[in-house]
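Undergrad: Prediction below, plus the sequence it came from.
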Amino acid sequence: MTGAYDAIVIGAGHNGLTAAAWLAQNGRKVLVVEAREIVGGLALSGEFCPGYRGVGPLHDTAAVRPWIVDGLQLARHGLKLRSRPADRLAVSGGESLWLRGQVEAAAGEIARRSGADAERYRSFHEFIRRVRPVLSDWLNEPPINVLEIESESITGLIRRGLRLRRLGRREMMELLRLPPMCVADWLDEWFESDLLKAALALPAVAGTFAGPRSPGTNANLLFGRAAAGNGVAGNGPALIEALEKAARSAGAEIRTGTIVSEILLEAGGARGVTLAGGESVRAKAVVASCDPRRTFLQLLPLGSIDARVEDHIRGYRCRGSTAQLLLALTSPLRFRAHEGETVEFASTGCDLDELERAFDAVKYRTSSARPVLEIHQPTVANPDLAPAGHAVASVLIHFAPFDPVDGWTDTGYEALFESAMSILETHCSGIRETLAGMKLLSPVDIEERYGATGGQIHHGEHALDQILVRPIPGCARYETPIPRLYLCGSGAHPGGGLTGAPGALAARAILGSKHRT
């Protein structure tokens, strides 16, 4: 038995690093243990082709919380926020639409195809601006304790209620109407352009087991839009670098290539971890940034949770539906519709029906013959990921099943690769000629590489029930039924994506817990 820490954080993804840095800056002795040889979790991939380094399946840093950047003083560690949100190109067939990061610039682009949609786009963002204070309460604070409502701060409850009431009767009722809706219905109420609706809907269904006509997907759009800021200059790699520096400078110890085989329990509570080599490390608390199913069903000793908790955890859905194609390119992607422009982010999908058909395939455990793609060129912001003049592209393929009918055979990989490449060839000039190498990760590979159960990149589906209470009753406020065991990953409130919110909110909960570290 070695070590004596205030907290051991399992996993050095962005939430684990955030929690570790927050705890360490508050005087706690912290150890972070990471199974992979590099930190970064789902934000970083490492070298996938000689000379080319990739990024993980999480691309977008627009929802990184400014209060976390300030609280951890990440600017001191080299982090810079973008001066404005990133531009995003939507392409389909011969059509394209620049969704510029600034509302007026985007509206100007939309006006080229529909003046009415341009005005509605302004109104759409104005509505989001008005309801953002109410949604921000949800996104940036621990959820209300639905099991012990009397334990809540009366002041906090009143404040949340007043913010909702200040919207006015009409807007308050509108906000209550929207989350259970499917995203397709709400966008149909706003816009007439099919390409615009498809581009806005994709983030609401990407990475989860749902199509645009699935109930509750509108909540993802609302929360995503409310949380959106400018994002990080340099995206995921820059965020991870700053978080690692912040954690280490505050005194946190980080061990990579260190696999946890079991969480140690003593007198009914977590008291450390046992590593794969047999070493045991003691701590006053264990903080798991891995997904809840892995935490409860694989890392805890058998029989340590009661049957009801186990049933809830087994019912927590983690069906991965995203594959990732990493491309090593001898020159950057050239989009035919915008040959002279640098494109950092792009998406495909001509209309909502195309998105729905792509999702239909995974319901029957097959990959879509015509998937919808999210395309990111990380070398635009981080040219050192590839040799000089070369590029890396990360393509998220929606939708691909975790457990296809015939399994992930060589034929299945080849078919998925060709489906994605045929779409890319439609939009990008000469992509085959510039291809120097590639790596295709199915949801099974994502599970194996990143430890994400089911290949679920958000550590649990973003369905309405799993957003309102995440992951399960009794664990929704970062504490678990096991004393001194906490959740701080994307499977905790408020969910997945590169935000840092679960890690920071969990650290705050730990610092204020009755089981003080």
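TA: Thanks, I have the structure now.
Undergrad: In contact with the residue nearest the centre of the chain, which residues are there?
TA: The residue lying closest to the centre of the chain (C-alpha atoms, centre = their mean) is residue 497, at 1.7 Å. Residues near residue 497 by C-beta atoms under 8 Å, 6 or more residues apart in numbering: 58, 60, 63, 224, 458, 490. Bear in mind the C-beta positions are built from the backbone N, C-alpha and C, glycine included.
Undergrad: Spell out which helix or strand contains it, please.
TA: Using DSSP states H and E, residue 497 maps to neither a helix nor a strand.
Undergrad: now the helices: where do they sit in the stretch 351-500 of the chain?
TA: Counting by DSSP state H, counting those that start in this stretch, one finds helices in the stretch 351-500 of the chain at the ranges 352-363, 410-427, 443-450, 464-468.
Undergrad: pLDDT score assigned to the nearest residue to residue 16 once chain neighbours are set aside?
TA: Closest residue to residue 16 apart from its sequence neighbours, by C-beta to C-beta, 6 or more residues apart in numbering: residue 289 at 3.5 Å. With respect to pLDDT, residue 289 has a value of 98.
Undergrad: Low-confidence bits of the stretch 1-150 of the chain, can you list those?
TA: Where the stretch 1-150 of the chain drops to pLDDT under 70, the residues are 1-3, 145-150.
Undergrad: Apply 50 and report the result again.
TA: Within the stretch 1-150 of the chain, the stretches with pLDDT under 50 are 1.
Undergrad: ok, which stretches of it are helices?
TA: 14-25, 66-71, 103-111, 115-140.
Undergrad: Could I get the contacts of residue 497 in a markdown table, plus columns for neighbour count and distance to residue 167?
TA: Below are these laid out as a markdown table (neighbours: other C-beta atoms under 10 Å; distance: C-beta to C-beta, whole Å):
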| residue | neighbour count | distance to residue 167 |
| --- | --- | --- |
| 58 | 27 | 32 |
| 60 | 22 | 28 |
| 63 | 22 | 22 |
| 224 | 20 | 20 |
| 458 | 25 | 28 |
| 490 | 34 | 29 |
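Undergrad: Switch those over to JSON lines; also include distance to residue 309.
TA: Output for the contacts of residue 497, formatted as JSON lines (distance: C-beta to C-beta, whole Å):
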{"residue": "58", "distance to residue 309": "28"}
{"residue": "60", "distance to residue 309": "33"}
{"residue": "63", "distance to residue 309": "30"}
{"residue": "224", "distance to residue 309": "30"}
{"residue": "458", "distance to residue 309": "21"}
{"residue": "490", "distance to residue 309": "20"}
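Undergrad: Can you tell me which of the residues you listed is nearest residue 315?
TA: Using C-beta to C-beta, residue 458 is the member of the contacts of residue 497 that sits closest to residue 315, with 16.7 Å.
Undergrad: Setting aside sequence neighbours, what's the nearest residue to the closest one?
TA: residue 496 (2.7 Å).
Undergrad: was I right about that neighbour contacting residue 459?
TA: Yes: Residue 496 is within contact range of residue 459, at 5.8 Å (criterion: C-beta atoms under 8 Å).
Undergrad: Mind listing the shared neighbours of those two?
TA: Taking C-beta under 8 Å, 6+ apart as the criterion, residue 496 and residue 459 both touch residue 490.
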